[in-house]
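K.L.:
no sequence on this one, just coordinates:
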């Protein structure tokens, strides 16, 4: 079985904690990776600020990095679900 992975993540958000950033939970016996509550709160803050006031260039870049990380985790989760579906 061959899985095509996306391009490498070039960088991570500077505010991403080195520990506790990703949570793991079981959904119908399948392990799923998600952003931790701490990270999700930061993303929510940035999205709210973006809608209300706009973001600085640094914050915009940070939010973009979080979006890339979310895309990557989604790919990992889809790959895991596909493995379990076989």
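P.N.:
Here it is on my side, so go on. Treat the numbers as computed from the prediction; the structure is a model and nothing was measured.
K.L.:
in what helix or strand does the most centrally placed residue in the chain lie?
P.N.:
The centre of the chain sits closest to residue 70, judged by Cα atoms, centre = their mean, with a distance of 2.6 Å. Assigned by DSSP states H and E, residue 70 belongs to helix 57-85.
K.L.:
Residue 42 too?
P.N.:
Assigned by DSSP H and E, residue 42 belongs to helix 37-52.
K.L.:
distance between that helix and the chain's centre?
P.N.:
Remark: helix 37-52 is offset 13 Å from the chain centroid, using Cα atoms, centre = their mean, to the nearest Å.
K.L.:
Over to stretch 48-61?
P.N.:
Worked out by Cα atoms, centre = their mean, stretch 48-61 lies 18 Å from the chain centre.
K.L.:
Next: stretch 62-82.
P.N.:
Using Cα atoms, centre = their mean, the offset of stretch 62-82 from its chain centre is 5 Å.
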